[in-house]
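[1] Build me a model:
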Amino acid sequence: MRICLIILCCWMSMSHAATIAISCGAVGRQVELCREGVAIWEKRSGHKASVVSTPASSSERLALYQQLLAAKTADIDVFQIDVVWPGILAPHFVDLAKPLVGQVKQHFPTIIANNTVNGQLIAMPWYTDAGVLYYRKDLLEKYQQPIPETWSDMTRIAKHIMTEERKAGLDKMWGFTWQGRAYEGLTCNALEWVNSYGGGQIVESDGKISINNKQAEQAITMAASWVGDISPPGVLNYAEEDARGVFQSGHAVFMRNWPYVWALTQHEDSPIRGKVGVAPVPKSGNGQHAATLGGWQLAVSKYSKHADIAIDLVRYLTSEEEQKRRALAGSYNPTIPSLYQDKQVLAANPFFGKLVKTLNVAIARPSTVTGAKYNQVSAAFYNQIHQVLAGRQKANVALEQLSRQLLRVSKGERW
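    Alright, predicted model coming up:
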């Protein structure tokens, strides 16, 4: 009789278990850490979740998401979405404000506000980001060079060290790697250049299209001068992992990337372990440090057949416990302020203490003001910038054309 009861209880437990799917990114250790977090949740909840990997390019991932959501597919229950997508994808996601009300107050209010569209919390913050400058501290010490504050300093130091290292036989050494492919990553890089020169944010918070100005022209012209000089010609096809590959193999002095790269450079099999420093992204001589705000959120599809279970998965993955684990294992920046005072987190990521200041003043891409049209705005921006970087267009001409394009996208009215 007792055996029968045990079998019955097991059968009843299994009958209530469900299998859902979550999409995770493919950059760095994203998929690995996502699977680990999901596995912990599975043991605690009794449910199962399959992890679906997606394209590394955020632009390609958005296009895939739009196709899936337009089809109202139930194949994916939880979507990992970029910080600039809530306004684009909002109609397809569940309002998380009430079911996760107890957890919402733990997170940075600015990110919660970013994820709130028409009063509905479209997604929960998972990890946040801001662009940073990685540098080879051993090489700066070797050549007695300071950590660069300005773009001109960075360019000069990069050129000097690259030249000297090549003379010493390292013919693959470059000065600076970054994300130059025509995709969302280039928008992030270029916005940092433009804003640090005082050239605005492409479209301002009042809806004004501001990109066609002299400061922006100077910034883009400066960046174009790097290609084939301190940056490899192939940088025009680099995304995050391409830039990291060159830097982590020991073939670059500086790199612009996201904080997740830190843990990878410090891995036991990294050729540059212990030789890397992190600093703010440089500025123009008279400008300010400008780091583009990044980060990813978790949203629950309205078309999920197990929305309550999907919400529970989001509850765990965005919790303080899981965010701390991810910070320790992969240098992913928490969206919970208290974790930036955690001794274990700071020991594993010494630059996190300084990064809080960067996060508080990071530049938001103009996704809020442009709403559902942001993807068109960003694509127009990075495509025109790419033309300049590739030497096919002058910066002043490209920015004038871009301004006209954006005017057409806005239809001459408020966004």
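[2] Number of residues surrounding the closest residue in space to residue 365 that isn't next to it in sequence?
    Among residues not flanking residue 365 along the chain, residue 84 sits closest, at 5.1 Å (CB to CB, 6 or more residues apart in numbering). All C-beta atoms are positioned from the backbone trio N, CA, C, and that covers glycine. Here the count is done by other CB atoms under 10 Å, and residue 84 has 27 residues near it.
[3] Which phi and psi values does residue 84 adopt?
    phi -100, psi 10 (degrees, to the nearest 10).
[4] what's the distance between it and residue 292?
    10 Å (CB to CB, to the nearest Å).
[5] same deal with residue 44?
    Distance, residue 44 to residue 292, using CB to CB: 36 Å.
[6] Quick check: which element contains the residue nearest the centre of the chain?
    By CA atoms, centre = their mean, the chain has its centre lying nearest to residue 294, at 4.1 Å. Using DSSP states H and E, the element containing residue 294 is strand 293-300.
[7] Take that strand, keep the C-alpha atoms, and write them as CSV.
    Written as CSV, here are the backbone C-alpha positions of strand 293-300 (Å, rounded to 0.1, in the frame of the first residue of the first chain):
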residue,chain,number,x,y,z
LEU,A,293,24.2,52.0,-21.4
GLY,A,294,23.7,48.3,-22.2
GLY,A,295,22.2,45.3,-20.5
TRP,A,296,19.7,42.6,-20.9
GLN,A,297,16.3,41.8,-19.5
LEU,A,298,14.0,38.8,-19.2
ALA,A,299,10.4,39.0,-20.6
VAL,A,300,7.6,36.5,-20.6
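[8] Show me what it pairs with in its sheet, parallel or antiparallel.
    strand 78-82 (antiparallel), strand 124-130 (antiparallel) (DSSP bridges).
[9] that older thread, contacting residues for the residue nearest to the centre of the chain?
    By CB atoms under 8 Å, 6 or more residues apart in numbering, the contact set of residue 294 is 82, 83, 128, 129, 130, 131, 188, 258.
[10] for the residues you listed, which one is nearest residue 286?
    Relative to residue 286, the closest of the contacts of residue 294 is residue 131; by CB to CB it sits at 20.2 Å.
[11] Quick check: the closest one touching residue 278?
    No - using CB atoms under 8 Å, residue 131 is not in contact with residue 278, being 11.0 Å away.
[12] so residue 410 makes contact with residue 366?
    No - contact criterion CB under 8 Å: residue 410 and residue 366 do not qualify, at 11.1 Å.
[13] if we can go back for a sec, any common contacting residues for residue 84 and residue 292?
    residue 365.
[14] Quick one: the strands in this structure, in order.
    Taking DSSP state E to define them, one finds strands in the chain at 19-24, 48-53, 78-82, 116-117, 120-121, 124-130, 132-136, 174-177, 252-257, 276-280, 293-300.
[15] want to try JSON lines for those, with mean pLDDT and distance to residue 238 as columns?
    Putting these into JSON lines (pLDDT from 0 to 100; distance: least, CB to CB, whole Å) gives the following:
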{"stretch": "strand 19-24", "mean pLDDT": "97", "distance to residue 238": "22"}
{"stretch": "strand 48-53", "mean pLDDT": "95", "distance to residue 238": "21"}
{"stretch": "strand 78-82", "mean pLDDT": "97", "distance to residue 238": "19"}
{"stretch": "strand 116-117", "mean pLDDT": "92", "distance to residue 238": "32"}
{"stretch": "strand 120-121", "mean pLDDT": "96", "distance to residue 238": "35"}
{"stretch": "strand 124-130", "mean pLDDT": "96", "distance to residue 238": "18"}
{"stretch": "strand 132-136", "mean pLDDT": "97", "distance to residue 238": "14"}
{"stretch": "strand 174-177", "mean pLDDT": "98", "distance to residue 238": "7"}
{"stretch": "strand 252-257", "mean pLDDT": "98", "distance to residue 238": "10"}
{"stretch": "strand 276-280", "mean pLDDT": "96", "distance to residue 238": "18"}
{"stretch": "strand 293-300", "mean pLDDT": "96", "distance to residue 238": "16"}
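[16] Out of these, which gets nearest to residue 354?
    Closest among these, using CB to CB: strand 276-280, at 8.1 Å.
[17] ok, that closest one: who's next to it in the sheet?
    Pairing partners of strand 276-280, with direction, according to DSSP bridges: strand 132-136 (antiparallel).
[18] Buried residues, the partner strand. List them.
    Residues of strand 132-136 classed as buried: 132, 133, 134, 135, 136 (neighbour count, 16 or more other CB atoms under 10 Å).
[19] The second one touches residue 276, doesn't it?
    Put plainly, it is residue 133. No - using CB under 8 Å, residue 133 is not in contact with residue 276, being 10.9 Å away.
[20] Compare residue 410 and residue 366 (neighbour count), which wins?
    Using other CB under 10 Å, the more surrounded residue of residue 410 and residue 366 is residue 366, with 28 against 18.
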